[in-house]
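Peer 1: okay, predicted coordinates and the sequence, questions at the end:
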Amino acid sequence: MNCDIADNLLENVAALKCAMKNLVNKYGCKAVAIQCWNALQEVIGIMPCAANSLMNEEGIPVVCETDIHGAITSLMVEAAGMNEKRSMFSDWTVRHPDNENGELLQHCGPWPISVAKEKPTICVPVAFEHNGAVSAEAEHGKMTLARFDGDNGEYSLLLGHAKGIDGPFTKGTYVWVEVNNLKRLEAKVVEGPYIHHCVAIHGDVVPVLYEACKYIGVKPDLYDPIEDKVKAYLHGEDVSFDEV
């Protein structure tokens, strides 16, 4: 990893990672939700993103902005993938400038290093003044997007397929993705109960998550009309999900 950060601040990154790991071990946690700005910067002078990235790399999801449902989503998608791949906690951001079904998934820099398609850098993120964020584009390929959320005690899991595509450079950890119908996905996000975060993971774990919802009392909410295909797949039929 490239380090565009002063040595004393790099020590703070390492110390924060160790502090979080100690708390995880002390309380038997499986994931972490951190208030990543702005009080933290006033106390230790760094963004926590690189420390979060190191924790994420170890299979302990750390999500931003105290997003408890985001942490649950991360645990769900990694478990669905048998903990073989790491998740990417993301903001829904902006549409692709040229692809009508393209969207930028991005966050200041908490994604695990193993998802990157290039050598990551620890640096100052976009829109902030403090150092300590990771910057790198993620690998492309087939992905699953998901968001667990609820309102008034009713919980659902937004989920579906995507694939990584080329797009403009930006800072932070990011990847441009294409879905089958972005307007349909946007309607799901806008109408709720989903907020501005989602979780991406490389590979197709949609059928596994769909089936899991049956046993945990959560409504599966596919953003593409593929429920019949998912059910057929779960019953052993040879089904293709190559729409995107």
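Peer 2: Structure's in. What do you need?

Peer 1: where does Asn52 land in three-state SS?
Peer 2: Judged by DSSP: H, G, I helix; E, B strand; the rest coil, the three-state class of Asn52 is helix.

Peer 1: go ahead and confirm it touches Ile34.
Peer 2: Yes - counting by C-beta atoms under 8 Å, Ile34 is a contact partner of Asn52 at 6.8 Å. The way it works is simple: take the backbone N, C-alpha and C, and place the C-beta from them, glycine included.

Peer 1: overlap in contacts, these two.
Peer 2: Val62, Val63, Cys64 (C-beta atoms under 8 Å, 6 or more residues apart in numbering).

Peer 1: flag the least confident of the residues you listed.
Peer 2: Taking the shared contacts of Asn52 and Ile34 together, the minimum pLDDT is found at Cys64 (94).

Peer 1: return the entry from the shared contacts of Asn52 and Ile34 with the maximum number of neighbours.
Peer 2: When neighbours are counted by other C-beta atoms under 10 Å, Val63 leads the shared contacts of Asn52 and Ile34 with 28 neighbours.

Peer 1: contacting residues for that one?
Peer 2: Contacts of Val63 (C-beta under 8 Å, 6+ apart): Ala31, Val32, Ala33, Ile34, Asn52, Gly70, Ala71, Ser74, Phe89, Pro110, His197.

Peer 1: now, which of those lie within helices?
Peer 2: Asn52, Gly70, Ala71, Ser74 (DSSP state H).

Peer 1: let me know the helix or strand that the closest residue to Ile60 other than its chain neighbours is in.
Peer 2: Distances taken as C-beta to C-beta, 6 or more residues apart in numbering put Val24 closest to Ile60, at 5.8 Å, once the chain neighbours are dropped. Val24 is part of helix 7-27 when elements are defined by DSSP states H and E.

Peer 1: in this structure, which spans are helices?
Peer 2: 7-27, 39-44, 49-57, 68-80, 182-191, 206-216, 227-234.

Peer 1: in this protein, which helix or strand is least confident?
Peer 2: The least trusted helix or strand in the chain, going by mean pLDDT, DSSP states H and E, turns out to be strand 2-3, with a mean of 78.

Peer 1: who does it pair with, and is each partner parallel or antiparallel?
Peer 2: According to DSSP bridges, strand 2-3 forms sheet pairs with strand 121-123 (parallel).

Peer 1: returning to what we had before: which of the helices of the chain sits closest to Thr144?
Peer 2: helix 206-216 (5.5 Å; C-beta to C-beta).

Peer 1: got the buried residues for the closest one?
Peer 2: Within helix 206-216, the residues scored as buried using 16 or more other C-beta atoms under 10 Å are Val206, Pro207, Val208, Leu209, Tyr210, Ala212, Cys213.

Peer 1: contacts for that helix?
Peer 2: 76-77, 80-81, 144, 146, 157, 159-161, 218-220, 222, 226-227, 230, 233-234, 241.

Peer 1: quick one: low-confidence parts of the protein?
Peer 2: By pLDDT under 70, the weakly predicted segments of the chain are 243-244.

Peer 1: so what's the residue nearest to the spatial centre of the chain bridging to?
Peer 2: With distances taken as C-alpha atoms, centre = their mean, the residue of the chain nearest its centroid is Phe89 (2.0 Å). On the basis of DSSP bridges, Phe89 is bridged to Val199.
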